[in-house]
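Visitor: just the structure for this:
(one chain, ligands or ions: 1)
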Amino acid sequence: MGQTMAGKLLVFEGVEGCGKSTQLKQLHGALEQSDRLQQLQRQGLIPQVLVTREPGGTELGLGLRQLLLGYHGGAPMASRAELLLYAADRAQHVEELIKPALARGYWVLCDRYTDSTVAYQGYGRGLDLALIDQLNQVATGGLEPDLTLWLKLDAATGLARTRQRGAADRMEQADLAFHQRVQQGFETLAAQHPDRIVAIDAAADVGAVAADIFTVIDRYLQQWYAPSLMA
Ligand code: TMP
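Guide: Model (predicted):
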């Protein structure tokens, strides 16, 4: 019963330009139309599906996002300062928004979470992976995603997509080798956590990727809420 009453944390991850944000919106829309979700909502389960992101899911986080992605005068941001700002954003986000929403039984769809810190600050910037795990633990209080959808795309293809969108932010502006290390980080994480990370081929067109994602999510909906769906 506890399992079916609790909310779920679903995270989208991937390199720049992998289409996470678009796919998150598509999934949100598809879920609203889903008969299975509506059936669960009539039973008082999953009262709401909430979409959020890191960095920037709270008021404080919005300020931190500007600091992290914008350009400012002075010396370049030190990697450890960057790491701590992402951690601060996450600590506030988990405390203010994610945990209370999960306690109410909501589904939280989150654009990036702890794996991004491992991939970007660990593999990308080369910071100590054990330190990052510790910081992620502090920031989240140990809250892990129930499911992570990793939109798998070659780093060069993703970067080319973002460059078509216009001016690159501070992270996007890093060189290709950095983004390739980030991609390697996601590869490694997926191999280490096959229990919670599902790879989705993000090179396909938007509709095909959305269909793949919905198939995965529908399978988990059935698995997690089987007793209620049979009622
Ligand atoms: P996005 O929300 O548009 O994907 O931008 C967020 C940027 O921040 C993206 O370049 C990835 C980066 N990032 C990190 O480097 N570490 C983190 O922990 C998170 C959450 C994001």
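Visitor: switch to C-alpha atoms for all contacts and neighbour counts from now on
Guide: Will do.
Visitor: next to the ligand, which bits of this protein? Give me the list.
Guide: Proximity of the chain to the ligand is assessed by CA under 6 Å from any ligand atom, with 54, 55, 86, 112, 113, 114, 116, 117, 120, 121, 171, 172 identified as the residues in range.
Visitor: ok, the closest residue to the first one other than its chain neighbours - contacts?
Guide: Which is residue 54. With CA to CA, 6 or more residues apart in numbering as the measure, residue 112 is the residue that lies nearest to residue 54, at 5.5 Å, once sequence neighbours are left out. For residue 112, the contacting residues are 11, 12, 13, 14, 53, 54, 55, taking CA atoms under 8 Å, 6 or more residues apart in numbering as the criterion.
Visitor: need the max-distance pair from these.
Guide: Of all pairs drawn from the contacts of residue 112, the one with the largest separation by CA to CA is 14 and 55; the distance is 14.3 Å.
Visitor: so how far is residue 200 from residue 67?
Guide: According to CA to CA, to the nearest Å, residue 67 and residue 200 sit 31 Å apart.
Visitor: residues near residue 231, how many?
Guide: 8 (other CA atoms under 10 Å).
Visitor: gap between it and residue 223?
Guide: Counting by CA to CA, the gap between residue 231 and residue 223 amounts to 14 Å.
Visitor: so who does the residue of the chain found nearest the ligand touch?
Guide: Distances between the chain and the ligand by CA to the nearest ligand atom are smallest at residue 117, namely 3.5 Å. The contact partners of residue 117, taken as CA under 8 Å, 6+ apart, are 83, 86, 132.
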